[in-house]
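Student: Need coordinates for the below:
(one chain, ligands or ions: 1)
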Amino acid sequence: MSIALVSNSDCGRHDTGWGHPEHVGRLRAIPKALREEPELYSRILHVESRHATEDELAFAHDRAYIASVRDISAQGGGRLDADTVASEGSWDAATAGAGAVLDAIDMAFGDGPPRSFCAVRPPGHHALRASAMGFCLFGNVAIGAHYARRRHSAERVLIVDWDVHHGNGTQALVEDERDIHFVSMHQWPWYPGTGAAEDRGPHRNVWNVPMRALLPPDVYVGALCAAVDAATTDFVPDLVMISAGFDSLRGDPLGAFTLELEHVEALTRFLVERAERWCEGRVVSALEGGYDPDRLAAACVRHMHALE
Ligand SMILES: [Zn+2]
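Tutor: Sure, this is the predicted structure:
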């Protein structure tokens with residue numbers, strides 16, 4: 001089997017409350033859509049993820065913040081940021097989400113499939129070192145990048161974020177490490193307001209690609225691929241990670257990019273082909289945004305097809 005789908009039912013226990021766009025229905029739509037493609041379904045290794053430990057979360061987050069998320073969940077939940085809440089199940093959900101990425105990395109550097117898609121929530125790419133932000137509690141992908149360097153043989157990691165929002169949290173959590181290169185394409189101007197092209201990070205290891213809304217989809221695909229090329233000039237990654245936000249699809253309620261499923265496929269194939277050349281095909285992708293559940297699920301299935 002060349003790919004794994006990594007998830008955990010605990011990811012459904014992060015209860016954001018009635019009417020919140022980041023709800024459990026987003027995740028439930030994915031296996032439903034995948035079962036309509038029984039051949040693909042049967043070729044994928046389905047993995048129930050472990051939970052990340054507090055030591056692993058601390059690769060990217062302050063211990064006091066980690067403890068505060070744990071304690072707020074244990075006390076039944078509470079508000080963490082203007083649009084980010086924790087419920088009783090959020091600790092288990094968030095540690096399972098990060099754990100899924102770590103399991104995927106273990107498989108990629110061990111005997112498992114070199115590529116995985118982690119169907120997780122809450123998302124991670126806005127989470128900061130000591131605070132939750134923008135629906136995100138822990139930086140799943142950033143934690144994974146540090147984990148791959150510390151616990152496996154990875155020296156250089158490339159992270160590609162095509163969520164419609166700037167991956168400000170991922171940038172904050174990896175920009176001090178010059179051997180992690182981070183590429184983020186995002187709508188501009190738009191939430192969270194960061195991610196200017198001139199913002200290259202202290203070591204110039206960040207490539208921000210701010211893009212106007214409602215451009216032809218090929219323009220987004222071309223811009224992101226060009227940025228990946230720029231980020232990998234004289235830099236051969238040992239692992240490619242994707243922050244797969246599907247709010248960059250046309251019609252998403254929280255964004256105004258215009259990607260269709262074929263563009264998700266094209267971007268995925270571009271990165272898989274590069275990863276085959278660079279690093280034995282190792283690609284670990286994790287779900288970020290995407291707020292139309294049916295579109296999100298269809299995109300995940302297409303993404304997994306292209307990862308295969
Ligand atoms: Zn987003």
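
Student: Which element is encountered next along the chain beyond the biggest strand by length in the chain?
Tutor: When the chain is parsed with DSSP state E, its longest strand is strand 180-187. Per DSSP states H and E, strand 180-187 leads on to strand 206-211 as the next helix or strand towards the C-terminus.

Student: and the stretch 101-250 of the chain, which of its residues are near the ion?
Tutor: D163, H165, G245, D247 (CB under 5 Å from the ion). Using the backbone N, CA and C atoms, a C-beta is placed for each residue, glycine as well.

Student: at 8 Å instead, please
Tutor: P123, H125, H126, G134, D163, V164, H165, Y191, G245, D247, S248 (CB under 8 Å from the ion).

Student: Just the ones in strands from the residues you listed, please.
Tutor: Those of those lying in strands (DSSP E): none at all.

Student: Closest to F117 out of these?
Tutor: The shortest approach to F117 among those belongs to G245, at 13.0 Å (CB to CB).

Student: Compute the distance between that closest one and A96, please.
Tutor: Separation of G245 from A96 (CB to CB, to the nearest Å) stands at 19 Å.

Student: Likewise for H152?
Tutor: Counting by CB to CB, the gap from H152 to A96 is 21 Å.

Student: do the same with E175
Tutor: Taken as CB to CB, the span from E175 to A96 is 26 Å.

Student: which of the two has more neighbours?
Tutor: A96 (29 against 19; other CB atoms under 10 Å).

Student: how far away is that one from V120?
Tutor: From A96 over to V120 the distance is 7 Å, taken as CB to CB.

Student: Between these two, which contacts overlap?
Tutor: N8, C11, S49 (CB atoms under 8 Å, 6 or more residues apart in numbering).

Student: The last one: neighbour count?
Tutor: When you say that, I think you mean S49. 26.

Student: what pLDDT does it get?
Tutor: Looking at S49, its pLDDT stands at 98.

Student: Is the residue nearest the centre of the chain in a helix, a strand, or coil?
Tutor: Among the residues of the chain, the one closest to the centroid is S243, at 2.9 Å (CA atoms, centre = their mean). Classification of S243 using DSSP: H, G, I helix; E, B strand; the rest coil returns strand.
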